[in-house]
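In: Have a look; sequence and predicted model below, questions after that.
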Amino acid sequence: MPPPPPPPPPLVDDVIAEILLRLPPDEPEHLIRAALVCKPWLRVICDPGFRRSYRDFHGAPPLLGFLHRRMVIQGDSPARFASTTSVPEFPHPGSDTFDCRHGRVLLHMFPGFLVWDPVTGDRHHLPPEPEEIDWLIYSAAVLCAADGCDHLDCHGGPFRVVFAATHEVKDIILASVYSSEMGAWSAPVCLDNNTCEIYARHVLREGGATPYGLYYTPYLQPRRGTLVGDAVYFTVREGNGIVKYDLSKDRLSMIDPPTPDMYYITLMAMEDSTSLGFACIQGSTLNMWSRMMDTEEAAAEWVQCRAIELEKAIPVSVANPSDKPFVVGFAEGVGVIFVSSGVGLFTIKLSSGLVKKVDEPGKHFSVLPYMSYYLPKTGNGGGHDAADLPHNT
C-alpha cells in the first residue's frame, strides 16, 4: 500500500491575512470565530497591521447597534445599547444619550457630560457646560478632533463636544465647544433674538404653527446633530428651522428647511460628504433632499434627490392602521435610514432597499446609530472576548 500523501503545506500568514480581510465587518462573529481556529490565525487577526488593512479594505465602519432618545415629555430614554449584529449589547453606563459618532457615545450625566467608548470601555467625564448657557432645552454632538484622522476606527485621541441650547429666559440659541485637549469649554456664541424673530416671521408667512403672533421661542430639538464638513447642524421645533454651528468660524446661523410642515424629520450627511441631507415621510413616501454647502450660503438650494415608496416595505399595525411610519435617524457612511412604526423600528438600506426590523415598537424620537470596527480583544484591551458572544451565533 502506498504511503499516505503528505499533509498540505501550511498557509503563510500573508495568504491567511488576505483571506481574512474579506470577512464582512458587519458580522463580527465571523472574525472572532476565525481567531479561535488556531493560534496562527489569532496572531494574524490581533496584529495591528491587519487591523489597519481591514479598516482600509472595507472603508466606512459597520453599524453595530444603536441607542435612542425619546421626546422630552416622554422622559429619559432607557439606558440600553441595542445590537443590530452578533456583537453583544455593551453594558450601558446609564443616563441620557445624545449622540454617537466616531466610535464614541455622548451622555449627559448631570452636572456634566460623559464621553464613552463602548469598544474600549474608556470614559471621559466633562465639566459642566458654561454658566452663561442657562438652558431650557438642548442638544449636543461629539466628534473626533485628531488631525488627519480618516474616522474609520476612532478610539482614543482628542475629541470635541458641541453643546447647543435654547436659553431659559431669552429667546436665543447659544453654543459652546468642549475640547479634550484644552480641558475646557469655549466662550458661548449666540444666535441672537433678531435672527430668531426674522425666522418667526418667515414661519408665519409660510403658514407655520406659531399661533401667538410674533412671540416665538426657538426650541432646539433634542435630536442628534449632523456633522457635514466643519459644521454641525441641529433642528428647531417650529417650521423645521436648521441651526448651523460653524466650527472653523465659531459662529451660529440659521437656514431654511426644504419643507416646514413635517414634525418627524432627520438631517444627514450625504454620500459626497459635502451636502446636508433632509428626510421625512409624507403620506407613504420617504422623501429626501440635499443641499450643497457652498461658501456663499445664499447660493445654496435644496434639491429633492430621492423618493422611496414605503407602503409595501414597512408594515402597518393591524390594530391601529392610522399609526403611520416616521423617520427617526440616519447612519452616515453606510446609507441606512431608521423608520419607526406601530409594528417596530426598521432600517432601510438606501443602496439596495433592504428593510430589516431591528427593534420592537416604542417611543422612538431620535435613533443614535453606533458605528465602529469590532475585532477580538488582545491582552491589551479593545473589544470583547470570543466567549462573550451569545451561544446561538
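Out: Received it, and whenever you're ready, just let me know what you need. Residues are numbered from 1 along each chain as shown.
In: neighbours around the spatially closest residue to Pro25 that is not a sequence neighbour, how many?
Out: Using CB to CB, 6 or more residues apart in numbering and skipping residues adjacent in sequence, the residue nearest Pro25 is Pro62, 4.4 Å away. Using the backbone N, CA and C atoms, a C-beta is placed for each residue, glycine as well. Pro62 has 22 neighbouring residues, counting by other CB atoms under 10 Å.
In: before we move on, what about Gly241?
Out: Neighbours of Gly241 using other CB under 10 Å come to 26.
In: What score does it have for pLDDT?
Out: Per-residue pLDDT puts Gly241 at 87.
In: Quickly note the distance from it to Ile32.
Out: Distance, Gly241 to Ile32, by CB to CB, to the nearest Å: 46 Å.
In: where along the stretch 201-350 of the chain do the strands fall?
Out: 226-228, 231-235, 242-246, 251-255, 265-269, 275-282, 285-292, 302-309, 326-331, 336-340, 345-349 (DSSP state E, counting those that start in this stretch).
In: what's Tyr374 in contact with, if anything?
Out: When contacts are counted by CB atoms under 8 Å, 6 or more residues apart in numbering, Tyr374 touches 25, 28, 62, 64, 85, 87, 119, 383.
In: I'd like to know which of these are part of strands.
Out: Leu64 (DSSP state E).
In: Now a ChimeraX select for only the buried ones of the contacts of Tyr374.
Out: Selection of the buried residues among these in ChimeraX, burial being defined by 16 or more other CB atoms under 10 Å:
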select :25,28,62,64,85,87,119,383
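In: Filter the contacts of Tyr374 down to just the ones in helices.
Out: With helices defined by DSSP state H, no entry of the contacts of Tyr374 lies inside them.
In: Cys100 reaches Ser366, doesn't it?
Out: No - applying CB atoms under 8 Å, one finds Cys100 not in contact with Ser366, separated by 10.8 Å.
In: Now for those two: what residues contact both?
Out: Arg224.
In: Now for Ser180, how many residues are close by?
Out: The number of residues near Ser180, taken as other CB under 10 Å, comes to 16.
In: gap between it and Cys144?
Out: 10 Å.
In: what sits in contact with each of these two?
Out: The contact lists of Ser180 and Cys144 share 158-159, where a contact means CB under 8 Å, 6+ apart.
In: Spatially, and excluding backbone neighbours, which residue is closest to Gly333.
Out: Using CB to CB, 6+ apart, the closest residue to Gly333 is Ala60 (3.3 Å).
In: Leu42 now?
Out: Leaving aside its chain neighbours, Leu42 sits nearest to Ala35 (4.6 Å; criterion: CB to CB, 6+ apart).
In: what's the domain layout of this structure?
Out: For the chain, the structural domains run 10-62, 63-372, going by automatic domain parsing.
In: chain center to the last one, what's the gap?
Out: Here domain 63-372 shows a centroid-to-chain-centroid distance of 7 Å under the convention CA atoms, centre = their mean, to the nearest Å.
In: Tell me how many other residues crowd Trp302.
Out: Trp302 has 17 neighbours, counted by other CB under 10 Å.
In: same question, Arg43
Out: A total of 13 residues lie near Arg43 under the criterion other CB under 10 Å.
In: Are we agreed that it is in a helix?
Out: Yes - assessed by DSSP: H, G, I helix; E, B strand; the rest coil, Arg43 belongs to a helix.
In: low-confidence ranges in the stretch 201-350 of the chain?
Out: 201-216, 293-299, 317-322 (pLDDT under 70).
In: which residues in the stretch 51-200 of the chain form helices?
Out: Listed in chain order, the helices of the stretch 51-200 of the chain (DSSP state H, counting those that start in this stretch) span 193-205.
In: For it, which segments are assigned as strands?
Out: According to DSSP E, counting those that start in this stretch, the stretch 51-200 of the chain carries its strands in the segments 63-69, 82-83, 96-101, 104-109, 112-116, 123-125, 135-144, 159-167, 173-179, 184-185, 189-191.
In: among the ones you listed, which is nearest Arg223?
Out: When the strands of the stretch 51-200 of the chain are ranked by proximity to Arg223, the top entry is strand 135-144, at 6.3 Å, counting by CB to CB.
In: quick one on the thing from earlier: separation between the residue nearest to Leu42 and Tyr373?
Out: 14 Å.
In: Equivalent analysis for Gln304, please.
Out: For Gln304, the distance to Tyr373 - CB to CB - is 34 Å.
In: One more: Cys38?
Out: Cys38 sits 23 Å away from Tyr373, taking CB to CB as the criterion.
In: Please say which of the two ends up with more neighbours.
Out: Tyr373 (23 against 12).
In: Go ahead and confirm the more buried one touches Pro61.
Out: Yes - between Tyr373 and Pro61 there is a contact under CB under 8 Å: 5.2 Å.
In: Same list (the strands of the stretch 201-350 of the chain) but as JSON lines, adding distance to Ile137.
Out: Converted to JSON lines, the strands of the stretch 201-350 of the chain look like this (distance: least, CB to CB, whole Å):
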{"stretch": "strand 226-228", "distance to Ile137": "18"}
{"stretch": "strand 231-235", "distance to Ile137": "11"}
{"stretch": "strand 242-246", "distance to Ile137": "12"}
{"stretch": "strand 251-255", "distance to Ile137": "16"}
{"stretch": "strand 265-269", "distance to Ile137": "17"}
{"stretch": "strand 275-282", "distance to Ile137": "21"}
{"stretch": "strand 285-292", "distance to Ile137": "25"}
{"stretch": "strand 302-309", "distance to Ile137": "26"}
{"stretch": "strand 326-331", "distance to Ile137": "18"}
{"stretch": "strand 336-340", "distance to Ile137": "21"}
{"stretch": "strand 345-349", "distance to Ile137": "24"}
